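Trainee: Could you look at this predicted model? Sequence included:
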Amino acid sequence: MTTVGHLINGEMLTDAARTQPVYNPSTGEVSKEVALASVATVEQAIAAAQAAYPAWRNTPPIKRARVMFRFKQLLEENADEICRLVGEEHGKISHDAAGELQRGIENVEYACGVPELLKGEYSKNVGPDIDSWSDFQPLGVVAGITPFNFPTMVPMWMFPMAIACGNTFILKPSERDPSSTLFVAQLAQEAGLPPGVLNVVNGDKEAVDVLLTDKRVKAVSFVGSTPIAEYIYATANANGKRCQALGGAKNHAIVMPDADMDNAVNQLLGAAFGSSGERCMALSVAVAVGDQAADALVAKLKEAMKPLRVGAYNDSSNDFGPVITAAHKEKVNGFIASAVEQGAELVVDGRNPDVAGHENGFFVGATLIDRVTTEMDSYVQEIFGPVLQIVRANSMDEAMQMINDHEYGNGTCIFTRDGEAARFFADNIEVGMVGINVPLPVPVAYHSFGGWKRSLFGDLHAYGPDSVRFYTKRKTITQRWPSSGVREGVQFAFPS
Ligand code: NAD
């Protein structure tokens, strides 16, 4: 059995005292095992990153950028293999894995511009013979902890920019689908990173806790579920580290009565069921305004869902694949059952679909539930499966209030033809990423990504301009070179 190990100081190594099985969710079989790093292994990675830091910090930004250019090229040359590894361990169909990889590559492209991004600010003559400038310096050793659902893209939200800014990095990927992440890191190494600049430790809480408490780690980026995000943020802060921790979501779409219903249905299908709903930006709730709009929406969705295909990752005619584990399949099925028990109407039941030849895969088919209310467990909690719930509201105000009252505030969307309503929605909704007739408003790499409320702990969003600020600290230098012959006397007043 292949053991997925670690990348430390440019070398692959395995500490196999503790391991965990890695499944192929399309077959339900164990495909590999992953080594779970011990405290000593994580400390070894931190030491390697610490040793590599001084030289990397002083490497000119243009040379660091050149590594990013080569990395981008290697990612493109190896795209098929990366997507195959994602599919095998996550279950994503290749077209979906390719989309994820492309969004990751766009973050590498943005990091290629790091000499421009680090230029700083300069003011001449702030006083007699005095100039002042601000410089953005790297932090040192920084760490990233990532979730299973985007095993290539989310790590690339973090390490390319962190490294391009002059930091050294330790990545702790999800232990559930570690191979594509490790392969991508190996490509970054091959692109020309000196040993120790990028290290990958596979593992679980034991590895994470070292990264959260070791004094040598200066900052932690986290993406995952909200309870863990909260723990990471509190622990990292208590240990004096800068931290950004992105959590879970419950993304609502408002469907207004004037919306182009056919377009809204098409957009909702992809955004609710793509990647089996295992996206933090998945639209899992559609709030229809008015019973007429709700009835039309449900009827059209029911019809449009008939041809949807759930199946194995390596058949590109499938629309989406399995969920990540058998336990997660049971959890999603449990939410569907609870919605029915609590009074909702199950319109399309996707539980236990027939997937010929893959009877043991972790499949849940596309599910539609109508007349969901805000007290139901399936509404309150994140399901993270291919389940679209319809909530009926009497007005746009009522629909917006529901969204604003929800504990999560990651993404949202409004489907309408009314510009005034859309503008009001964008201005007043308590959510970090807003779409207007755009179901998955995931910002491009040169903006930044982040939710509000309990979808993000911290001040700065992920990637884009905020990531340059997150992975650097500002230093402001004020310099005087007095003109010859000028001598100032002693002054006790505050300089002005
Ligand atoms: P998770 O929280 O279970 O795991 C995320 C990471 O935390 C993994 O690397 C895992 O090993 C580690 N971890 C798990 N338990 C831990 C513990 N007790 N102590 C320390 N570390 C621990 O999340 P997941 O199931 O891998 O990913 C799905 C979740 O991530 C969903 O809630 C989804 O909404 C969220 N997500 C959010 C975003 C975003 O940008 N807001 C993006 C992707 C995923």
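Mentor: Cool, got the structure.
Trainee: Next up, phi/psi of Asp135, please.
Mentor: phi -120, psi 150 (degrees, to the nearest 10).
Trainee: Could you give the number of residues near the residue in the stretch 251-400 of the chain that the ligand sits nearest to?
Mentor: At 3.2 Å from the ligand, Cys280 is the closest residue in the stretch 251-400 of the chain, using C-beta to the nearest ligand atom. C-beta here means a position set from N, CA and C on the backbone, and glycine is covered the same way. Neighbours of Cys280 under the rule other C-beta atoms under 10 Å: 25.
Trainee: I'd say it and Gly409 touch.
Mentor: No. Using C-beta atoms under 8 Å as the test, Cys280 is too far from Gly409 to be in contact (11.8 Å).
Trainee: Could you say which helix or strand holds Ser378?
Mentor: Secondary structure assignment for Ser378, by DSSP states H and E: helix 377-380.
Trainee: which residues touch that helix?
Mentor: Here helix 377-380 makes contact (C-beta atoms under 8 Å, 6 or more residues apart in numbering) with 250, 285, 335-336, 338-339, 342, 344, 369, 372-374, 387, 389, 391, 407.
Trainee: ok, those vs Ser132, which is closest?
Mentor: Of all these, Glu407 has the smallest distance to Ser132: 43.8 Å, by C-beta to C-beta.
Trainee: Identify the residue nearest the closest one in space, chain neighbours excluded?
Mentor: Arg454 (4.8 Å; C-beta to C-beta, 6 or more residues apart in numbering).
Trainee: List the contacts of that neighbour.
Mentor: So Arg454 contacts Thr226, Glu230, Gly247, Gly248, Glu407, Tyr408, Gly409 (C-beta under 8 Å, 6+ apart).
Trainee: Of these, which pair is most distant in space?
Mentor: Glu230 and Gly409 (14.7 Å).
Trainee: Who has more neighbours out of those two?
Mentor: Set Glu230 next to Gly409 and count neighbours by other C-beta under 10 Å: Gly409 wins out with 23 against 15.
Trainee: What does the pLDDT read for the more buried one?
Mentor: Looking at Gly409, its pLDDT stands at 97.
Trainee: I'd like the distance between it and Gly192.
Mentor: 40 Å (C-beta to C-beta, to the nearest Å).
Trainee: re the thing from before, just the buried residues of the helix holding Ser378, please?
Mentor: Using 16 or more other C-beta atoms under 10 Å as the test for burial, helix 377-380 gives Ser378, Tyr379.
Trainee: Same question for stretch 458-467.
Mentor: For stretch 458-467, by 16+ other C-beta under 10 Å, it's Gly458, Leu460, His461, Ala462, Tyr463, Gly464, Asp466, Ser467.
Trainee: mind giving me JSON lines with these and columns for pLDDT and distance to the ligand?
Mentor: Formatted as JSON lines, these follow (pLDDT from 0 to 100; distance: C-beta to the nearest ligand atom, whole Å):
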{"residue": "Gly458", "pLDDT": "98", "distance to the ligand": "11"}
{"residue": "Leu460", "pLDDT": "98", "distance to the ligand": "13"}
{"residue": "His461", "pLDDT": "98", "distance to the ligand": "9"}
{"residue": "Ala462", "pLDDT": "98", "distance to the ligand": "7"}
{"residue": "Tyr463", "pLDDT": "98", "distance to the ligand": "10"}
{"residue": "Gly464", "pLDDT": "98", "distance to the ligand": "13"}
{"residue": "Asp466", "pLDDT": "98", "distance to the ligand": "13"}
{"residue": "Ser467", "pLDDT": "98", "distance to the ligand": "13"}
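Trainee: So which residues on the stretch 201-350 of the chain come close to the ligand?
Mentor: Asp204, Lys205, Val208, Val223, Gly224, Ser225, Ile228, Leu246, Gly247, Gly248, Ala249, Cys280 (C-beta under 6 Å from any ligand atom).
Trainee: In contact with the first one, which residues?
Mentor: Looking back up the chat, that one is Asp204. Gln20, Leu36, Glu175.
Trainee: what does the fifth one give?
Mentor: Taking C-beta under 8 Å, 6+ apart as the criterion, Gly224 is in contact with Ile145, Thr146, Pro147, Ile232, Leu246, Gly247.
Trainee: All the strands of the stretch 51-200 of the chain, residue numbers only.
Mentor: Here the stretch 51-200 of the chain has its strands, by DSSP state E, counting those that start in this stretch, at 121-127, 130-138, 141-145, 168-172, 198-200.
Trainee: Distance check, the residue nearest the centre of the chain against Val285.
Mentor: When C-alpha atoms, centre = their mean is applied to the chain, the residue found nearest the centroid is Val154 (4.5 Å). For Val154, the distance to Val285 equals 23 Å [C-beta to C-beta].
Trainee: and if you look at Ala229?
Mentor: When C-beta to C-beta is the yardstick, Ala229 and Val285 sit 21 Å from each other.
Trainee: ok, now Asp129?
Mentor: 62 Å.
Trainee: cool, and Cys83?
Mentor: 30 Å.
Trainee: Tell me if I'm right that Asp135 and Lys475 touch.
Mentor: Yes. Under the criterion of C-beta under 8 Å, Asp135 makes contact with Lys475 at 4.8 Å.
Trainee: And those two? Which one has more around it.
Mentor: Set Asp135 next to Lys475 and count neighbours by other C-beta under 10 Å: Asp135 wins out with 15 against 11.
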